[in-house]
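In: only geometry, no sequence info:
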């Protein structure tokens, strides 16, 4: 998987959240996920709520300390803690000082009103990041930078003196984006950046994120549950189910030719805004609910809901491997 | 039950006005909307947050929260004027004739009572004659009907022991337990994951076929509308800007707002990348709505008259109407054309 063009490489990343009063590993939110992101591309991450996509995004940035695995950013190891068969670390974990990387790696959150400090003006919110990384030479320089950022995200310069509550949801999200861009990052985790916005505003923000990427050569990890938006913005898409990555491929290829049973279900469940098509379309409806990540099923985690599950699926964990060029999946069926 | 009443009028809303009297001034949440709903029909109400789509539904149920008030118009349900109901009549009407399911089922279920208890209560509140044992039997039947397994055990469980999708099934069971003729579903699938949303939509379609009730389905998701609705009302800033059969709305949209919504969405079945075309600007501030057409400030076709006067409805096709000055002009042109033709013939 290694290549010079890869900005981020993640190998067997694992994140468990211990639960008080419960024996065992606790909530197994991310289970041995491996992927890479090329420079300048957008990797989309989809899955149902509770599948660990947000945890994965935050663990990659080490906002959550990983339980095990390896994260390499632009050739530099951010974290390395290989785990043995029994889940115990093989040696001492290696972890880099994150401050210099915080400047390069940023995040945009889902709920814009909850992620902006209500007692700080927009100018202070954006300026804080500039101060921490000492990016401005002088006060005037700092003010100019804030003005430029506001302009970039489509806000007026006089908005710098206003408080977050004075803005609409879409404008607040623009402030969140300006805050992330303030440190001139290379890599941004977009964690459901549009789910909280009105339909007519969503496309404005999507277009803006695309423009920023073009202009500044950004790389995105775009997390969302809305498949049609992810398919639109991403070059490649990873599909997660209950903490595991089940399929990863080129965005249109994955859409046309999904190979994992879960991806097929997920694609068929998305309602299409086309009445004639939705009348003729066959929908695969899954039985039951997503199991608890505290106590995930043995073997393939999807086997309890999979229409094609065999005995092997409940015993052996399928390996996540490349079945066609650039198209990975973890399913025993594909090996026959 | 409403069998054999297909294509008969169930609900008629005429020129409904709902206002909220806030300290900052009057907010006209619903500014004069009209529509009919027949037995066995599913109407989608589409709009952004603040477009008045929920308030309009609450006023049918008599559930408007103060300082909200119906200030004009009429709501006729099976020939009766709902707005003239006394408090007792409204209580009897609510639940037995009209039921409502909400976006977040967790906040609608009482956490300290078992599911069985709540279902039985809903039934016995309207059917005073029914015995407890019979009520329990009915509750179990309803739970089976909405696809909940292991009913006897589930009846004794509390809401927190159910998943989100299962809670929404319970809400649907509770809504339908008195066999209402009209079900109002206010964003019932918005809080659910797509695979669970698919389950709930399939369930609602099956139940609707079985009971022939009318459904008002409030949502902002056009994909869901295409899936379940027979006709659609598109709302913007408290007004219905376009109304028509579902195919007309999707394939022959006449209002710039509807067109804008359709264009701004990526399609899951698209085969290659196309840049999205967003609707520019921000939704209306309902405290200071613009004069004229509320959509005019964001409309790419905005003309002088749009900023002065609200356009009247123009018939575009059968049961398909839209409020836009562009269509008014087209309509007038067509009329004068046909008059000229007629004149030539004579």
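Out: It's in. Keep in mind the model is a prediction, meaning the values are calculated, not measured.

In: quick one: residues contacting the residue of the stretch 151-300 of chain B at minimum distance from chain A.
Out: When Cβ to the nearest Cβ is the measure, the stretch 151-300 of chain B has its nearest residue to chain A at residue B:223, with 3.0 Å between them. C-betas here are computed from N, CA, C, even on glycine. For residue B:223, the contacting residues are A:228, A:270-273, A:278, by Cβ atoms under 8 Å, 6 or more residues apart in numbering or on different chains.

In: which one among those gets closest to chain B?
Out: Nearest to chain B among the contacts of residue B:223: residue A:271, at 3.0 Å, using Cβ to the nearest Cβ.

In: relative to residue A:294, how far out is the residue nearest to that closest one when sequence neighbours are not counted?
Out: Counting by Cβ to Cβ, 6 or more residues apart in numbering or on different chains, the nearest residue to residue A:271 once its immediate chain neighbours are dropped is residue B:223, at 3.0 Å. Plainly put, residue B:223 is 33 Å away from residue A:294 if you go by Cβ to Cβ, to the nearest Å.

In: swap in residue B:214?
Out: As it turns out, when the distance is counted by Cβ to Cβ, residue B:214 lies 43 Å from residue A:294.

In: could you do residue A:108 as well?
Out: Between residue A:108 and residue A:294 the computed distance is 29 Å (Cβ to Cβ).

In: which one's more surrounded, those two?
Out: When neighbours are counted by other Cβ atoms under 10 Å in any protein chain shown, residue A:108 and residue A:294 differ, and residue A:108 comes out ahead with 24 against 14.

In: just list the residues touching the more buried one, thanks.
Out: Counting by Cβ under 8 Å, 6+ apart, residue A:108 touches A:173, A:176-177, A:180, A:188-191, A:193.

In: closest one of those residues to chain B?
Out: Ranking the contacts of residue A:108 by separation from chain B, with Cβ to the nearest Cβ as the measure, puts residue A:173 on top at 11.9 Å.

In: in three-state terms, label that closest one for me.
Out: When states are read from DSSP: H, G, I helix; E, B strand; the rest coil, the local structure at residue A:173 comes out as helix.

In: just residue B:20 next, same as before
Out: Classification of residue B:20 by three-state DSSP places it in strand.

In: again, but for residue B:92
Out: Here residue B:92 is helix, with the state taken from three-state DSSP.

In: tally of neighbours for the nearest residue to it once chain neighbours are set aside?
Out: The shortest distance from residue B:92 to any residue that is not its chain neighbour, by Cβ to Cβ, 6+ apart, is 7.1 Å, and that residue is residue B:126. By the criterion of other Cβ under 10 Å, residue B:126 has 18 neighbours.

In: now the one 4 residues further on
Out: When neighbours are counted by other Cβ under 10 Å, residue B:130 registers 15.

In: where does the prediction get shaky in the stretch 101-250 of chain B?
Out: Counting by pLDDT under 70, the stretch 101-250 of chain B contains no low-confidence residues.

In: the strands in it, which residues?
Out: B:182-186, B:214-219, B:231-236, B:239-245 (DSSP state E, counting those that start in this stretch).

In: switch those strands over to a markdown table; also include distance to residue B:331 and mean neighbour count.
Out: Formatted as a markdown table, the entries for these read as follows, by distance: least, Cβ to Cβ, whole Å; neighbours: other Cβ atoms under 10 Å in any protein chain shown:
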| stretch | distance to residue B:331 | mean neighbour count |
| --- | --- | --- |
| strand B:182-186 | 33 | 23 |
| strand B:214-219 | 29 | 25 |
| strand B:231-236 | 19 | 25 |
| strand B:239-245 | 14 | 24 |
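
In: all strands of the stretch 201-336 of chain A, in order?
Out: A:219-223, A:236-241, A:244-250, A:321-324, A:327-329.

In: confidence-wise, which of those is weakest overall?
Out: If you rank these by mean pLDDT, strand A:321-324 sits at the bottom with a mean of 92.

In: what is that strand packed up against?
Out: In terms of contacts (3 or more Cβ pairs under 8 Å, 6 or more residues apart in numbering or on different chains; DSSP states H and E), strand A:321-324 is packed against strand A:327-329.

In: what's the strand it packs on in contact with?
Out: Outside of strand A:327-329, the residues that reach it under the criterion Cβ under 8 Å, 6+ apart are A:245-250, A:253-254, A:259-260, A:263, A:320-323.

In: columns distance to chain A on top of the strands of the stretch 101-250 of chain B, output as a markdown table?
Out: Conversion of the strands of the stretch 101-250 of chain B to a markdown table gives the following (distance: least, Cβ to the nearest Cβ, whole Å):
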| stretch | distance to chain A |
| --- | --- |
| strand B:182-186 | 15 |
| strand B:214-219 | 10 |
| strand B:231-236 | 9 |
| strand B:239-245 | 9 |
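
In: residues in contact with residue B:61?
Out: Under the criterion of Cβ under 8 Å, 6+ apart, the contact partners of residue B:61 comprise B:94, B:98, B:100, B:184.

In: go again with 10 Å.
Out: By Cβ atoms under 10 Å, 6 or more residues apart in numbering or on different chains, the residues touching residue B:61 are B:75, B:82, B:90, B:93-95, B:98-100, B:182, B:184, B:186.

In: where does chain A dip in pLDDT?
Out: Per-residue confidence of chain A (counting by pLDDT under 70) places the weak regions at A:1-4.

In: which ones are touching the residue nearest the centre of it?
Out: Most central in chain A under Cα atoms, centre = their mean is residue A:223, positioned 3.7 Å from the mean C-alpha point. Under the criterion of Cβ under 10 Å, 6+ apart, the neighbours of residue A:223 are A:43-47, A:53-54, A:56-58, A:107-108, A:110, A:189-193, A:195, A:230, A:238, A:240.

In: distance check, residue A:258 against residue A:329.
Out: With distances taken as Cβ to Cβ, residue A:258 is found 9 Å from residue A:329.

In: repeat that for residue A:177.
Out: Relative to residue A:329, residue A:177 is positioned 33 Å away (criterion: Cβ to Cβ).

In: from what I see, residue A:207 and residue B:277 are in contact.
Out: Yes: if you go by Cβ atoms under 10 Å, residue A:207 and residue B:277 touch, sitting 8.7 Å apart.

In: now do the shared contacts for the two.
Out: Taking Cβ under 10 Å, 6+ apart as the contact criterion, the common neighbours of residue A:207 and residue B:277 are residue B:264.

In: pretty sure residue B:73 is touching residue B:19, no?
Out: No: using Cβ under 10 Å, residue B:73 is not in contact with residue B:19; the gap is 11.5 Å.

In: which residues are common contacts for the two?
Out: Counting by Cβ under 10 Å, 6+ apart, the residues touching both residue B:73 and residue B:19 are residue B:30.

In: ok, the two, which is more surrounded?
Out: Neighbours per residue, other Cβ under 10 Å: of residue B:73 and residue B:19, the larger number sits with residue B:19, 20 against 17.

In: okay, the more buried one: pLDDT?
Out: 94.

In: verify the stated contact: it with residue B:32.
Out: No: with contact defined as Cβ under 10 Å, residue B:19 does not reach residue B:32; the gap is 11.1 Å.

In: shared neighbours, the two?
Out: Residues touching both residue B:19 and residue B:32 comprise B:72, B:238, with contact defined as Cβ under 10 Å, 6+ apart.

In: ok, now which ones touch residue B:137?
Out: Neighbour list for residue B:137: B:120, B:130-131 [criterion: Cβ under 10 Å, 6+ apart].

In: what about those, which are in helices?
Out: Secondary structure assignment by DSSP state H places residue B:120 of those in helices.

In: distance to chain A added to the contacts of residue B:137, as JSON lines?
Out: Converted to JSON lines, those look like this (distance: Cβ to the nearest Cβ, whole Å):
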{"residue": "B:120", "distance to chain A": "25"}
{"residue": "B:130", "distance to chain A": "32"}
{"residue": "B:131", "distance to chain A": "34"}
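
In: all good on my end, thank you.
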